[in-house]
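Next come a sequence and a model predicted from it.
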Amino acid sequence: MRDLDVVRFADRARSVSVVLEDAAGGGRHDGRHEAEIVIETGFVSARLPVHFTDADLADLIAFLSARAAAEEDGALPDGSVADWPAAGRSAYLRLRAADPFVVEVRDPVQSGVTVSVPLDLRDGWATRAASRLTRLRTALADGRRDHGRWDHSRRDHGR
């Protein structure tokens, strides 16, 4: 089984992904998920464990849907910030709707390190990401561990 992107923020040079670790025996355990945050830039390449719940997935879909609606309305990024999953339990992403969009990977629990990754995301990124994540959430709820019915290719992400 292969690893699956939960969400991926990427431009041509940098990316931050949350990867569900199917191949490593991660995945769903009573509504909780084990995954890794994967950072790839010209400066740093890192992996960091993260834990989230089904409710956290719903929160991320809500954030992405709100960003998609704002983008469709032609609204400029407003600098709003969302932490996902909620800060304090493990490493998390701080998502800043700015120009450029910024993903901060924060690890207050283990290392105390924060990595900030500015990204030049393509138009429509939030709509595509929300749609993908909704399909993944449905597949996880249905218990389809192979996720064969939804497209998890990287072409639909921020790039």
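Cool, the structure landed.

so where's this structure shaky on pLDDT?
For the chain, applying pLDDT under 70 flags the ranges 1-3, 22-29, 143-159.

mind listing the helices for it?
Listed in chain order, the helices of the chain (DSSP state H) span residues 54-72, 125-142.

Contacts made by the longest one with the rest, please.
Taking contacts as CB atoms under 8 Å, 6 or more residues apart in numbering, the residues outside helix 54-72 that touch it are 6-7, 31, 33, 77-78, 82, 84-86, 95, 97, 123-124, 126-127, 129-130, 133-134, 136-137, 140-141. For the C-beta atoms, the positions are set from N, CA and C on the backbone; glycine is no exception.

what comes up buried for it?
With burial defined by 16 or more other CB atoms under 10 Å, the residues of helix 54-72 counted as buried are 56-57, 59-61, 63-65, 67-68, 70-71.

Format these as JSON lines; extra columns: distance to P49.
What follows is the buried residues of helix 54-72, written out as JSON lines (distance: CB to CB, whole Å):
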{"residue": "D56", "distance to P49": "15"}
{"residue": "L57", "distance to P49": "17"}
{"residue": "D59", "distance to P49": "19"}
{"residue": "L60", "distance to P49": "17"}
{"residue": "I61", "distance to P49": "22"}
{"residue": "F63", "distance to P49": "22"}
{"residue": "L64", "distance to P49": "23"}
{"residue": "S65", "distance to P49": "27"}
{"residue": "R67", "distance to P49": "26"}
{"residue": "A68", "distance to P49": "29"}
{"residue": "A70", "distance to P49": "31"}
{"residue": "E71", "distance to P49": "31"}
